[in-house]
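Student: sequence-free structure coming up:
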């Protein structure tokens, strides 16, 4: 393992991976209840436990000074938190002075029609939108809400505004597998790239993830019956492995946490709305930044960041091998974002 330099302005973990991507879950609350993500009666964090936006700004400042170049805002649904647009405008200062390359967001699309224009003006130019079906009936079954029309209106408005949009679709056995090629066609016809994602065993839900899990490798073979796929050199800061569909000249990304571990190139860390820093989505190693932040001691903050680099694990250990296997990670996806 590599020795971690103290307070370096380039973050490198003990496996030699450069860490320049911070994902911030600004809230664990969501206005949907996707069956693969959380139970219907989800117990959310008390608001008193959540960091203020001023505190999150201070954390961003510290991480940017240590080499973070990209920030993605996630949730829950980030747009449900009041004050999010002012927060983005404030951290956009670092993009304007060229110390931060990009601020992006992952959203379920339900609030884009209402907040899209302000979001774009605040500094976010690229968004990932979670969409697992184009069927109103299936949307209701997956999200337990009747919001598909609202989501599609939001997507259309975001497209008109000028956002660069990518669609994120979780592939679910016996639910939307038969629809995936249609979702790809719809995405590409709108000039959107798309990433297909395997369900991840995080937190207890009513359904059994063994029944939901469908290998992306199997999905790729089905897609190849309709599209000619060519390996692409296109890369983002995320874990998608991209192929170009020659018929549309647009990209399809494959995110394979279970069937093909992608941890060797991990460049990411995640911080929750309560100030917990998770070095890996699929492990429980974490550092509580809340009290360190509130102490006002920048050296302690920097020491905690150094510790995070030393503690970042080599890989996650996601597994869905049987119906009786419980999720290795107790927290739900909404706590840390995807």
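Tutor: Perfect, thanks for sending it. Remember, it's a predicted structure, so these values are computed and weren't measured experimentally. Numbering: from 1, shown residues only.
Student: what stretches of this protein score poorly on pLDDT?
Tutor: Applying pLDDT under 70 to the chain picks out residues 1-5, 202, 206, 210, 319-322, 324, 326-328, 338.
Student: mind listing the strands for it?
Tutor: Listed in chain order, the strands found in the chain under DSSP state E are 21-25, 70-74, 102-107, 126-130, 164-171, 193-198, 229-231, 241-245, 250-255, 268-271, 276-278, 286-288.
Student: how about those strands in TSV, adding mean neighbour count?
Tutor: All C-beta spots, glycine's among them, are computed from the backbone N, C-alpha and C. What follows is the strands of the chain, written out as TSV (neighbours: other C-beta atoms under 10 Å):
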stretch	mean neighbour count
strand 21-25	24
strand 70-74	24
strand 102-107	22
strand 126-130	21
strand 164-171	22
strand 193-198	23
strand 229-231	12
strand 241-245	20
strand 250-255	22
strand 268-271	24
strand 276-278	22
strand 286-288	16
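Student: could you dump these to a markdown table with distance to residue 82?
Tutor: Below are the strands of the chain laid out as a markdown table (distance: least, C-beta to C-beta, whole Å):
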| stretch | distance to residue 82 |
| --- | --- |
| strand 21-25 | 16 |
| strand 70-74 | 14 |
| strand 102-107 | 16 |
| strand 126-130 | 19 |
| strand 164-171 | 25 |
| strand 193-198 | 29 |
| strand 229-231 | 43 |
| strand 241-245 | 36 |
| strand 250-255 | 31 |
| strand 268-271 | 20 |
| strand 276-278 | 22 |
| strand 286-288 | 25 |
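Student: mind checking which of the ones you listed is nearest residue 142?
Tutor: With C-beta to C-beta, the closest approach to residue 142 among the strands of the chain belongs to strand 164-171: 8.6 Å.
Student: elements contacting the closest one?
Tutor: strand 126-130, helix 148-161, helix 180-189, strand 193-198 (3 or more C-beta pairs under 8 Å, 6 or more residues apart in numbering; DSSP states H and E).
Student: of all these, which one is nearest residue 66?
Tutor: So among the helices and strands packed on strand 164-171, strand 126-130 is nearest, using C-beta to C-beta, at 23.1 Å.
Student: what sits up against that closest one?
Tutor: Residues from elsewhere that reach strand 126-130 (C-beta atoms under 8 Å, 6 or more residues apart in numbering): 34, 102, 104-109, 112, 119, 151, 155, 158, 163-170, 195.
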